[in-house]
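> Turn this into a structure:
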Amino acid sequence: MRDLNSMASSSSPYLMNLLLISLSVFFAGAFGCYSSIFSFGDSITDTGNLYISSKNSSFHFFFPPYGETYFHHPTGRCSDGRLIIDFIAEFLGLPYVRPYTEVKSNASPQNIEGGVNFAVIGATAMDAEFLAAMGDQNDYTNSSLGTQLHWFKELLPSLCNTSSNCNKLLSSSLVLVGEIGGNDYNNALLAGKNIEQVQTYVPLVITEISSAINELIELGAVTLVVPGNFPIGCLPIYLTKFQTSDKGQYNSSTGCLNWLNKFAEYHNDQLQIELSRIQRLHPNINIIYADYYNAVMHFYHSPDQFGFIGGTVKACCGGGGPYNYNSSAQCGSIEASACENPAEFINWDGIHFTEAAYRWIVKVLFKGKYNVPGISSIVPCEM
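Numbering: from 1, shown residues only. Prediction:
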């Protein structure tokens, strides 16, 4: 098996050039006017699906201080406020995308204005039963990417009753596929599997993402945004789990664990290779890779520039410890407490980011150094 360092770096220069070209061309032409967003993913994107379907649950992210910054109460979003999808909707002049579990019983073109969000906290790219057979437990949901796609196909006839109408709907929609796959790796790594074992998951995860993209294209999707994984070596949950006295394992500038970030880079490189392959097969479809990894790494290298003065690798909300993450006292539990100003922190609860960080991610992707045209050049649809 090839070393992660060589695998993560071998294709990066070519892929980054492809990314710059793709973003500058696709966003300039594609982001002219969108009437809706259809989204698939996990807790990075879920705006209430698990919350609505599991109201009697005691999951810690269903309780304050989640949601305190913007909504002022928990909404099922794993942050103190808005997520990336919320800022994208704002940017396009659309209402916040409603969760599937909220609209499924009364779906119509009128009550899904702005689109539908199928993402679920804890969701995986691979099927839950397949992962369980591999010994990986999911404590939150069995709603994998395939399940979410099934929901979408079931809902579609309620939104457009002819093939022509469906093509019109999907051609004017932005389809967000991910971030997804992170939990396939998280569940395995946090349960004790080594990086060599988890590395074998990558082609399986990429295959699931690729399959979903191809199926969405067949259904009529024209513009798909596919994010990569985050620099997981900077997350307090991993820094706590794999804390070591070996300083060589950490990046001296950021304090992040090098080997975990190399793994995330490897996943992202493999994803980009597959996206470029799909793009060649469908030259008239816009497939946009959203580089969450490098967008977030800006924060860790230059935190003051973004107002993150409270600490880069420490969670705002948690139960103590060097990274303010304690699996026995997670954010939302009575044993945990939150910082006074979440906007000063990159990380919210040890796993997810603050609203301030999500806002900056969107700004960096759409307006920053990735040659994406400025926000003013993207004209939202008339409401």
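> Can you tell me how far residue 157 is from residue 114?
19 Å (CB to CB, to the nearest Å). For glycine as for every other residue, the C-beta is placed from the backbone atoms N, C-alpha and C.
> For the stretch 251-383 of the chain, which segments are assigned as strands?
Secondary structure of the stretch 251-383 of the chain (DSSP state E, counting those that start in this stretch): strands located at 286-290, 317-318, 337-338.
> Describe which strands the first one pairs with in its sheet and in which direction.
Put plainly, it is strand 286-290. Here strand 286-290 has these sheet partners by DSSP bridges: strand 223-227 (parallel).
> same thing with the last one?
Within its sheet, and counting by DSSP bridges, strand 337-338 is paired with strand 317-318 (antiparallel).
> How far does the partner strand sit from its chain's centre?
The chain centroid and the centroid of strand 317-318 are separated by 21 Å under CA atoms, centre = their mean, to the nearest Å.
> Out of the strands of the stretch 251-383 of the chain, flag the one nearest residue 327.
Of all the strands of the stretch 251-383 of the chain, strand 317-318 sits nearest to residue 327, with 9.9 Å by CB to CB.
> hang on, the earlier thing: residue 157 and residue 114: who's more crowded?
More crowded of residue 157 and residue 114, by other CB atoms under 10 Å: residue 114, with 18 against 11.
> any idea of the pLDDT on that one?
In this model, residue 114 is scored at 89, pLDDT.
> Same check on residue 2?
The model reports residue 2 with a pLDDT of 44.
> Work out the gap between stretch 199-217 and the centre of the chain.
Stretch 199-217 sits 15 Å away from the centroid of its parent chain (CA atoms, centre = their mean).
> Would you indicate which residues of that stretch are buried?
Residues 199, 201-202, 205-206, 208-210, 212-213, 216-217 are the ones in stretch 199-217 that count as buried (16 or more other CB atoms under 10 Å).
> Skip ahead from the helix or strand of the chain with the lowest mean pLDDT and say which helix or strand is next.
One helix or strand of the chain scores below all others by mean pLDDT, DSSP states H and E: helix 12-30, with a mean of 42. Using DSSP states H and E, the helix or strand that follows helix 12-30 towards the C-terminus is strand 36-40.
> That following strand pairs with which strands, parallel or anti?
Strand 36-40 has these strand partners (DSSP bridges): strand 114-117 (parallel), strand 173-177 (parallel).
> got the ones you listed as a markdown table, with distance to residue 346 columns?
Listed next are the strands paired with strand 36-40 as a markdown table, based on distance: least, CB to CB, whole Å:
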| stretch | distance to residue 346 |
| --- | --- |
| strand 114-117 | 24 |
| strand 173-177 | 22 |
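> Can I take it that residue 154 is in a helix?
Yes: remark: residue 154 belongs to a helix, assigned using DSSP: H, G, I helix; E, B strand; the rest coil.
> And residue 220, how far from residue 115?
14 Å.
> hang on, I meant residue 276
With CB to CB as the criterion, residue 276 and residue 115 are 27 Å apart.
> Compare the two and say which is more crowded by neighbours.
Neighbours were counted for residue 276 and for residue 115 using other CB under 10 Å; residue 115 has more, 27 against 17.
> Identify the residues contacting that one.
36-39, 94, 97-98, 173-174 (CB atoms under 8 Å, 6 or more residues apart in numbering).
> Identify whichever of the strands paired with strand 36-40 lies nearest to residue 127.
Here strand 173-177 is closest among the strands paired with strand 36-40 (CB to CB), at 16.5 Å.
> can you list contacts of whichever helix or strand comes after that closest one?
Sequence-wise, the next helix or strand downstream of strand 173-177 (DSSP H and E) is helix 182-190. Outside of helix 182-190, the residues within contact range by CB under 8 Å, 6+ apart are 42-44, 122-126, 131, 134, 136-138, 195, 197-198, 201, 204-205, 229-230, 232, 237-238, 241, 263, 267.
> Just the buried subset of these, please.
By neighbour count, with 16+ other CB under 10 Å, those hold 42-44, 122-126, 131, 134, 136, 138, 198, 201, 205, 229-230, 232, 237-238, 241, 263, 267 as buried.
> now, which of the residues you listed lie within helices?
Counting by DSSP state H, the part of those found in helices is 131, 198, 205, 237-238, 241, 263, 267.
> ok, the residue nearest in space to the middle of the chain - contacts?
Nearest to the geometric centre of the chain sits residue 179, at 3.1 Å (CA atoms, centre = their mean). Neighbour list for residue 179: 41-42, 44-45, 227-230, 292 [criterion: CB under 8 Å, 6+ apart].
> quick one: it and residue 302, what's the gap?
For residue 179 relative to residue 302 (CB to CB), the value is 23 Å.
> cool, residue 136 as well?
Per CB to CB, residue 136 is found 36 Å from residue 302.
> picking up where we left off before, quick one: closest of the strands paired with strand 36-40 to residue 288.
strand 173-177 (9.4 Å).
> What about the nearest residue to residue 298 once chain neighbours are set aside, how many residues nearby?
Spatial nearest neighbour of residue 298, chain neighbours left out: residue 364 (6.1 Å); criterion: CB to CB, 6 or more residues apart in numbering. Counted with other CB under 10 Å, the neighbours of residue 364 add up to 21.
> Likewise for residue 34?
24.
> For residue 360, see how far away it is.
For residue 34, the distance to residue 360 equals 22 Å [CB to CB].
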